[in-house]
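**Student:** the sequence isn't on hand, but the structure is:
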Ligand code: NAP
Ligand code: MG
């Protein structure tokens, strides 16, 4: 059999611990036998990040800008324990944070839906994709405890020194205050990433804030989305047969619970933080959740939503058998391969990505799965496989 050819490389970001082990197995069993895999390889494993003073992370993000498509393995975000474990020169920043800052992107998270792993919400039939704005609001706030009576104001000092003030509260007893901000440029990037992703995946886009209460702050989000939509996207949405739909956040939450899924829900930073945990746990498992970072210029970085599965890795190091779920990592690869195929007009590569996803889903739906899924499936007598056994079972069907 001739292997599928690629014209442009995918940026490959290797990672840490158990997911690094899965990464190698996926390439050897599911990709390299079928594709003449062309990647530009960056080792984001913690040792290499330490050795290069984290330059390798920056380089991989710049390469992603150049080529347009990347696939990333989960990586350790160092904390004090990791600094000791890996004898690090510094507590390097989260690679995802570094990459996101360079690409200025929005993260879209979607569950992988299979029969036998049923969502807790019984009417959810299709995935619900969450898009979380990743800048500002309460995550970059300033707070104060107010010890007693006194006046608190917002003060804006323009460059020419003129001041505008707004009373927050006239305290007559102790209390608390909080100031937060966002910038229009970031909201605009967020809006464009959401509209582009909706067109890309042919799904309707929902956006919700509390604009009735927050008449300037949240209302600005609503206005920016509306303006960009009308000017740049309305026609394209009509052609694609999808909608942009704005509503109040409480109405959105109520509708989400009653819906059957199959749309993108764009959220402000805090709403996205909270709602993505609700969506992923209600759909079953973090190991069945994919994540893609999309920049406003249309650069894509695919990954799994879970971490490096440290506990399984330590078992693996002791020579014990593991049963780690590789589905989200496989779907990170298929997402990247399909996008590469789309950009390069490489139909064979796109078809391959679809077949690999189908083989993966078929494997689970035939009752072959890893332990995490066996614990939550509605199927009777599932066959529990090891990390490698599961990947080999997919390869058979592929
Ligand atoms: P984690 O790797 O997501 O794992 C937490 C637990 O969830 C595991 O112990 C396991 O439960 C279960 N789990 C997660 N993924 C699984 C899979 N594919 N198959 C089966 N079970 C799975 O989170 P963590 O242990 O908190 O973090 C480990 C490291 O990952 C940290 O150093 C963190 O910095 C990093 N991290 C990286 C990313 C990223 O690169 N995007 C994201 C999050 C965390 P059981 O042990 O009960 O089986
Ligand atoms: Mg959270």
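**Tutor:** Alright, I've got the coordinates. Everything numeric here is computed off the predicted structure, so don't read it as measured data. Residues are numbered from 1 along each chain as shown. Ligands and ions are numbered 1, 2, ... in the order given.
**Student:** now do the nearest residue to residue 255 once chain neighbours are set aside, the pLDDT please.
**Tutor:** Nearest residue to residue 255 in three dimensions, chain neighbours excluded: residue 247, at 7.2 Å (Cβ to Cβ, 6 or more residues apart in numbering). To be clear about C-beta, it is placed using only N, CA and C from the backbone, and glycine gets the same treatment. pLDDT for residue 247: 97.
**Student:** I'd guess residue 247 is in a helix, am I close?
**Tutor:** No: Residue 247 is assigned strand when assessed by DSSP: H, G, I helix; E, B strand; the rest coil, not a helix.
**Student:** now for it: which residues touch it?
**Tutor:** 206, 208, 255 (Cβ atoms under 8 Å, 6 or more residues apart in numbering).
**Student:** who does it bridge with?
**Tutor:** residue 208 (DSSP bridges).
**Student:** how far away is it from ligand 2?
**Tutor:** 23 Å (Cβ to the ion, to the nearest Å).
**Student:** list the helices and strands the one helix or strand residue 222 maps to packs on?
**Tutor:** In this structure, residue 222 sits in helix 217-228 according to DSSP states H and E. Judged by 3 or more Cβ pairs under 8 Å, 6 or more residues apart in numbering; DSSP states H and E, helix 217-228 is in contact with helix 184-201, strand 204-209, strand 244-248.
**Student:** any idea how far residue 112 is from the residue nearest to residue 255?
**Tutor:** Residue 247 sits 27 Å away from residue 112, going by Cβ to Cβ, to the nearest Å.
**Student:** quick check: phi and psi at the closest residue to ligand 2 within the chain.
**Tutor:** As assessed by Cβ to the ion, ligand 2 sits closest to residue 273 within the chain, at 4.3 Å. For residue 273, the backbone dihedrals (degrees, to the nearest 10) come out as phi -60, psi -50.
**Student:** surely it and residue 132 touch.
**Tutor:** Yes: using Cβ atoms under 8 Å, residue 273 is in contact with residue 132, at 6.7 Å.
**Student:** these two: which has the busier surroundings?
**Tutor:** Between residue 273 and residue 132, counted using other Cβ atoms under 10 Å, the more crowded position is residue 132 (21 against 17).
**Student:** where's the residue nearest to that one when sequence neighbours are not counted, which helix or strand?
**Tutor:** Nearest residue to residue 132, sequence neighbours excluded (Cβ to Cβ, 6+ apart): residue 272, at 2.6 Å. Using DSSP H and E, residue 272 falls within helix 269-283.
**Student:** list the buried residues for that helix?
**Tutor:** For helix 269-283, the neighbour count (16 or more other Cβ atoms under 10 Å) marks 269, 271, 272, 273, 275, 276, 278, 279, 280, 283 as buried.
**Student:** closest one of those to residue 83?
**Tutor:** Taking Cβ to Cβ as the measure, residue 83 sits nearest to residue 273 out of the buried residues of helix 269-283, at 26.1 Å.
**Student:** so how far is residue 4 from the closest one?
**Tutor:** In terms of Cβ to Cβ, residue 273 sits 39 Å off from residue 4.
**Student:** and if you look at residue 318?
**Tutor:** 38 Å.
**Student:** please apply the same query to residue 206.
**Tutor:** Residue 206 is 37 Å from residue 4, by Cβ to Cβ.
**Student:** quick one: which of those two has more around it?
**Tutor:** residue 206 (25 against 18).
**Student:** I figured that one was touching residue 264, is that so?
**Tutor:** Yes: counting by Cβ under 8 Å, residue 206 does reach residue 264; the two are 6.9 Å apart.
**Student:** what's the overlap in contacts for the two?
**Tutor:** Residues touching both residue 206 and residue 264 (Cβ under 8 Å, 6+ apart): none.
**Student:** the residue nearest the centre of the chain: what secondary structure?
**Tutor:** Nearest to the geometric centre of the chain sits residue 291, at 3.0 Å (Cα atoms, centre = their mean). Here residue 291 is recorded as strand under three-state DSSP.
**Student:** any idea how far the residue nearest to it when sequence neighbours are not counted is from residue 74?
**Tutor:** Nearest non-adjacent residue to residue 291, counting by Cβ to Cβ, 6+ apart: residue 305, 4.4 Å away. Here residue 305 is placed at a distance of 9 Å from residue 74 (Cβ to Cβ).
**Student:** mind checking which of the two has more residues around it?
**Tutor:** residue 74 (28 against 21).
**Student:** quick one on the thing from earlier: can I get the contacts of residue 247 in a markdown table including pLDDT and distance to ligand 2?
**Tutor:** Formatted as a markdown table, these follow (pLDDT from 0 to 100; distance: Cβ to the ion, whole Å):
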| residue | pLDDT | distance to ligand 2 |
| --- | --- | --- |
| 206 | 98 | 20 |
| 208 | 97 | 18 |
| 255 | 96 | 22 |
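**Student:** quick check, nearest of those to ligand 1?
**Tutor:** residue 206 (25.0 Å; Cβ to the nearest ligand atom).
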